[in-house]
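In: Here's my sequence, what's the structure:
(4 chains)
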Protein chains: 4
Amino acid sequence: MILILKSEVTDDQIRHVLERVDQLGLQAHLSRGTFRTIVGIIGDEEKLRAEPLRAIPGVLEVVPVLPPYKLASLDAHPQPSIVTVGGGSSRPAKFGGGHLGLIAGPCAVESPERMFRLAEVVRRSGGHVLRGGAYKPRTSPYSFQGLGEEGLRILRDAGDSQQLPIVTEVTDPRLVETVARYADMIQVGARNMQNFVLLTEVGKAGLPVLLKRGMSASVEDLLMSAEYVLSQGTSDVVLCERGIKGFDKTTRNLYDVASVAAVKRLSHLPIIVDPSHATGRPDLIPACALAGVAVGADGVHIEIHDKPEEAKSDGPQALLPEQYRELVEQIRRIAEVVGKRID
Amino acid sequence: MILILKSEVTDDQIRHVLERVDQLGLQAHLSRGTFRTIVGIIGDEEKLRAEPLRAIPGVLEVVPVLPPYKLASLDAHPQPSIVTVGGGSSRPAKFGGGHLGLIAGPCAVESPERMFRLAEVVRRSGGHVLRGGAYKPRTSPYSFQGLGEEGLRILRDAGDSQQLPIVTEVTDPRLVETVARYADMIQVGARNMQNFVLLTEVGKAGLPVLLKRGMSASVEDLLMSAEYVLSQGTSDVVLCERGIKGFDKTTRNLYDVASVAAVKRLSHLPIIVDPSHATGRPDLIPACALAGVAVGADGVHIEIHDKPEEAKSDGPQALLPEQYRELVEQIRRIAEVVGKRID
Amino acid sequence: MILILKSEVTDDQIRHVLERVDQLGLQAHLSRGTFRTIVGIIGDEEKLRAEPLRAIPGVLEVVPVLPPYKLASLDAHPQPSIVTVGGGSSRPAKFGGGHLGLIAGPCAVESPERMFRLAEVVRRSGGHVLRGGAYKPRTSPYSFQGLGEEGLRILRDAGDSQQLPIVTEVTDPRLVETVARYADMIQVGARNMQNFVLLTEVGKAGLPVLLKRGMSASVEDLLMSAEYVLSQGTSDVVLCERGIKGFDKTTRNLYDVASVAAVKRLSHLPIIVDPSHATGRPDLIPACALAGVAVGADGVHIEIHDKPEEAKSDGPQALLPEQYRELVEQIRRIAEVVGKRID
Amino acid sequence: MILILKSEVTDDQIRHVLERVDQLGLQAHLSRGTFRTIVGIIGDEEKLRAEPLRAIPGVLEVVPVLPPYKLASLDAHPQPSIVTVGGGSSRPAKFGGGHLGLIAGPCAVESPERMFRLAEVVRRSGGHVLRGGAYKPRTSPYSFQGLGEEGLRILRDAGDSQQLPIVTEVTDPRLVETVARYADMIQVGARNMQNFVLLTEVGKAGLPVLLKRGMSASVEDLLMSAEYVLSQGTSDVVLCERGIKGFDKTTRNLYDVASVAAVKRLSHLPIIVDPSHATGRPDLIPACALAGVAVGADGVHIEIHDKPEEAKSDGPQALLPEQYRELVEQIRRIAEVVGKRID
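Out: Okay, here's the model as predicted:
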């Protein structure tokens, strides 16, 4: 941690700063420059983080030297983690460490018939994990909110029918146990990325977690939210870039592929891309999926539907089964170039 | 609702669009332009919102004509709402309809002594509602998370000692009832603005709600979240502008005062400003508070602390008691110019 | 300047870093922490800025300690500057140091009749400087591009008829001299804020400059552009906040009033607000103008028109004469509260 | 064009709207809905664009139906354009229509020796066009501003030595002719994307133009700026995505690859990517370059340097010669998968 002091700092203030550092059992290293005085603090940065150093009189700025996350960092785990989803009634899917995992399915679970049909599409196309929402976080209270536990049951059965592990979103800490009874992987959605109560519960469930990046979250914010989950004992977290807020309404969100490459330099956790939510435009999804694989993502999350104009949620951004099948073929070829294995 | 069709739309597709509209019991109004065909849909727009119209083949764009919120809209309630907080053991505070309410207190409840001291500061300075966090949503799992129910008790007692109503944040739907037993007003924080599970529980608690704008929320998103709360039966929601994400790190967030003026043209709900979180800089907070009052806010939310360098949360952005006292004096004078009453 | 070295930095790399600093005639101050090594550099930071220090092997991050602008900084000029516009054929207007200046007029100069009419509106309402565009930077090549020199002549005459100094935009470095022959103040528009060729020419013209903040410019970028102008010899620069890019299309741009307060802590230059361009909505302009005055702006820039639906440019965001008159009355009252003088 | 009228619109106002449309020689199509009245306007939308329709009393919103650009649109030219750069003393390079062009070189021309060395690196690595800045737009007036015409001469000679066409930036309309005497392609930088005076001069020069997207420009803004160039007679414009402003400082800018796919659906113009400026981080550039090719870009622009720590401009973001060579190999393999030809 480095403290940059104000140009008008007094000697008394400097003394006070040094005392505060000393009280914390750390060593201060004073450096008086031509224009500014700087205090380097040597020792465990963690002790300092909780302290409101910028509020000490005379302090202009606080520059941290280490990242604020530990379990999620490369320091804690220098090799890429491999997260395995499913097993038992399904074929296990892998994310990370060279494995590219493919998640697909409808936005919401709508009916058994459709879900079974789409499960077959996913498996036949080469997908690894089936998705479908039973609890939908909708911006309007008047929109379809999902089938609830009935949806979980349908999703489970549909997955089993094709030996596909399933992932589904949970939005309520009171329902984590219920969801965990059915799912192989639990999703925390973008709008709940900083719902720390939910992150804590999900981290205790003992299942792999798919953590989506919030629309206003920096890469560091995303890793801090992963830290919440990891700090509960889970080691299996898969991150997901799904678009952040931007000023250009050409696409629904701004698809930040560079964040995928950046995460690789900061963390051992796998990170996948979700071009469906990132763009909101089926005509752009395939090209953007390929970009995600080329940049180094450990997986691709795609929403599909066999009759988008009847979908109960996000129909306009779904790929058709045929489009998904073709996309998987292209993903395979790009994956090969960048040295990823698709099981 | 207006549908703009693609230039290459076929007659069959147009027929299909008209059929879909007809099935919904609505009337379509076809208008073939020189370059594009447009379908105006006449009838209850609500029925259409749930339909994925943009997924119908041949449809380029869907232009809604009415806002998606109802209870929060001026159509539902053309006069500004006045929200009253407290009563009983405290003097009631009012927000909206010409009343300017002042909320202040520390970020977190830390100890009874400090809380009582700061309650006195708030009351003596002319503030109306005491704030303090007992459950803190922190980006790091290693940061101070609040005193929990013990914090609620301290806050209640401190408020009572000065006859000030209290507001405090809830982050867990399982704790809404507990919080409601102590508080006069429940706060939903920015990070939970689209935590629809929490909004729903909070809406059932029977207390006024302080709803903070999310960092990536548009004005419409904010009003949709208010709609969630209102749809549960509560009619007392106070909105709060507290800064959104921006590219310039000069301030912690981007303080969007124009949104206050915009909300006034869309909704009857009171809206206040929180320059503490919006800027994160005590040197800018007073000026930005005045800007908020000048633009028409129905209240001002300020974090204060008597020893910021010892604060357990957000110390660097707290105003000192003396600074707060001076600020309230200036707020009074601006309020008078824009025709607001401070009780 | 502080260099934070990579955790895996080698001794050879550290030696190389120290040599580079030494070659520049500066002193390095090495501080080996528990996790990171840091190099504080003592001496003239300016020498270092031009050096690509982050490209030296082993360097993780470079943290500057001083701002990159000098002439625009408070260090160079600790008292607020007062910029005077006009004199001679007009009554001089003042910006800064407690003086609040009011600029108003149509977006574009359209005809002598209209310009004279609006000049009278400005003067009678209490405005100080008349604006009008003769060279319009339009996003479409097919839009009205302004009347050119004929427009300058009309604007000059209209200003003179009411003894109002005039300000007008220049977009072409070849026309700076021409514009300077007519105008009392030269405007550089938001889209040209980083047109360094134009800034350099404008800085040589010997007239006060109105420099508008670019839509993607940070406060530091704005001050660096002012530095360009100042480095040519001019000392009279007035900055202008006119909205930056944001994700919410409720307003045309995001009106960043906190930047006004922030500039006051960094620079001696006056800064005014332009709520017309910031919001693009006449129904929000008056409230946002008051917010700008309350936050400490040294002036207000407003576009007016007597028949907006006939305007050749930006009609939908113009205030009517009557609205402007009322607004000036309110501005006066807010100005008084914050201790500003309106001449 | 569609006009959505206010709910409180009067019959007189509707009559006035219809009259205005009629005066323009267009047909209005009135549609009275349950809650709103809508006016569809049939005829040449271009006539309407110049009119401030939103300023007509009673009009709430104006929804355009056609894009505001014509020459840049797919309607004007349904097949992808192929832009050829160079010929004569150099081997021609092609962009678009299946051709992937590779541009590389240092940020600034620094010396003949370095420029010749880097030209050889570019040619040997498989690059097609040599870049180098002679006139540098720098945010600080105290930074290196480029070698000027001497730099152009060096760049030309270096390019000729390897039969590489050259591209270089122009920032001053007075220097377009000079630059055009040396260059094979003229670059307009991001900061000048809406410098319409420069766009107009560049459009007259008779050379292919490389137009970089501004940091706050939407895809539509970019195409409008291309329209400026095209409207001067040039048909050879290559667009370039180089990162836009975002809130996360993990990368210098936000690399918007989805915009590449979006441009393909709107325009016939080739679009390339510049991951050097988009990310500002050499460790992310290769991965991001591959993402750009995978998403469908028609070329890749990369900054290289053989001694980044000595570079006079943007050293920290340059790739080393060896890194560039490897990158081109990978680009070739991705290009093959997406059906692009590299000559």
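In: Just give the number of residues close to the residue nearest to residue A:68 when sequence neighbours are not counted.
Out: Excluding its sequence neighbours, the residue lying closest to residue A:68 (CB to CB, 6 or more residues apart in numbering or on different chains) is residue B:140, at 5.7 Å. (C-beta placed from N, C-alpha, C; glycine too.) Residues lying near residue B:140 (other CB atoms under 10 Å in any protein chain shown) number 19.
In: List the contacts of the helix or strand of chain A with the lowest mean pLDDT.
Out: Sorting the helices and strands of chain A by mean pLDDT, DSSP states H and E puts helix A:45-49 at the bottom, at a mean of 74. Contact partners of helix A:45-49, identified using CB atoms under 8 Å, 6 or more residues apart in numbering or on different chains, comprise A:1, A:24-26, A:41, A:64-66, A:68, A:70, B:140, B:142-143, C:35.
In: Just the buried subset of the residues you listed, written out for ChimeraX, thanks.
Out: A single ChimeraX command selects the buried members of the contacts of helix A:45-49 (16 or more other CB atoms under 10 Å in any protein chain shown):
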select /A:1,24,26,41,65,66,68,70 /B:140,142,143
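In: Which members of the contacts of helix A:45-49 are positioned in strands?
Out: residue A:41 (DSSP state E).
In: Chain B contacts on the stretch 151-300 of chain A?
Out: A:171-174, A:191-192, A:194-198, A:200, A:214-216, A:221, A:224-225, A:227-228, A:231, A:244-245 (CB under 8 Å from any CB of the partner chain).
In: filter those down to the ones near chain C?
Out: residue A:245.
In: Counting neighbours, which of the residues of the stretch 151-300 of chain A next to chain B end up buried?
Out: Buried by 16+ other CB under 10 Å: A:171-173, A:191-192, A:194-198, A:200, A:214-216, A:221, A:224-225, A:227-228, A:231, A:244-245, out of these.
In: Residue A:310 contacts residue B:52, correct?
Out: Yes: Residue A:310 is within contact range of residue B:52, at 7.5 Å (criterion: CB atoms under 8 Å).
In: touching chain B at all, the helix or strand that contains residue A:324?
Out: Here residue A:324, judged by DSSP states H and E, is contained in helix A:321-337. No: Helix A:321-337 is not in contact with chain B by CB under 8 Å from any CB; minimum separation 13.1 Å.
In: Could you list every helix and strand that that helix packs against?
Out: strand A:101-105, helix A:112-125, helix A:285-295, strand A:299-303, helix D:321-337 (3 or more CB pairs under 8 Å, 6 or more residues apart in numbering or on different chains; DSSP states H and E).
In: From chain C, how far out is residue A:294?
Out: 26 Å (CB to the nearest CB, to the nearest Å).
In: mind listing what that residue touches?
Out: A:334, A:337-338, D:287, D:290-291, D:293-295, D:334.
In: what distance separates the start and the end of stretch A:5-12?
Out: By CA to CA, to the nearest Å, the extent of stretch A:5-12 from end to end equals 12 Å.
In: can you check stretch A:182-196 too?
Out: 23 Å.
In: thinking again about what came up before, quick one, what contacts the residue nearest to residue A:68?
Out: Residue B:140 touches A:49, A:68-69, A:224, A:227, counting by CB under 8 Å, 6+ apart.
In: Can you tell me which of those residues end up in helices?
Out: Those of the contacts of residue B:140 mapping onto helices are A:49, A:224, A:227, per DSSP state H.
In: ok, and the closest non-adjacent residue to residue A:229?
Out: That would be residue A:203: by CB to CB, 6+ apart, it lies 4.0 Å from residue A:229.
In: what's the burial count for the one you found?
Out: Residue A:203 has 24 nearby residues by other CB under 10 Å.
In: and the gap between it and residue D:298?
Out: Shown here: residue A:203 relative to residue D:298, a distance of 45 Å by CB to CB, to the nearest Å.
In: Now for residue A:35: which residues touch it?
Out: A:7, C:45, C:65-66.
In: So which of those residues sits lowest on pLDDT?
Out: Least confident entry in the contacts of residue A:35, by pLDDT: residue C:45, with 74.
In: circling back: and the residue nearest to residue A:68, its phi and psi?
Out: When read as degrees, to the nearest 10, the backbone of residue B:140 gives phi -110, psi 130.
In: The closest residue to chain C within the stretch 51-200 of chain A: what's its closest spatial neighbour, skipping adjacent residues?
Out: Nearest residue of the stretch 51-200 of chain A to chain C: residue A:65, at 4.6 Å (CB to the nearest CB). Using CB to CB, 6+ apart and skipping residues adjacent in sequence, the residue nearest residue A:65 is residue C:36, 4.6 Å away.
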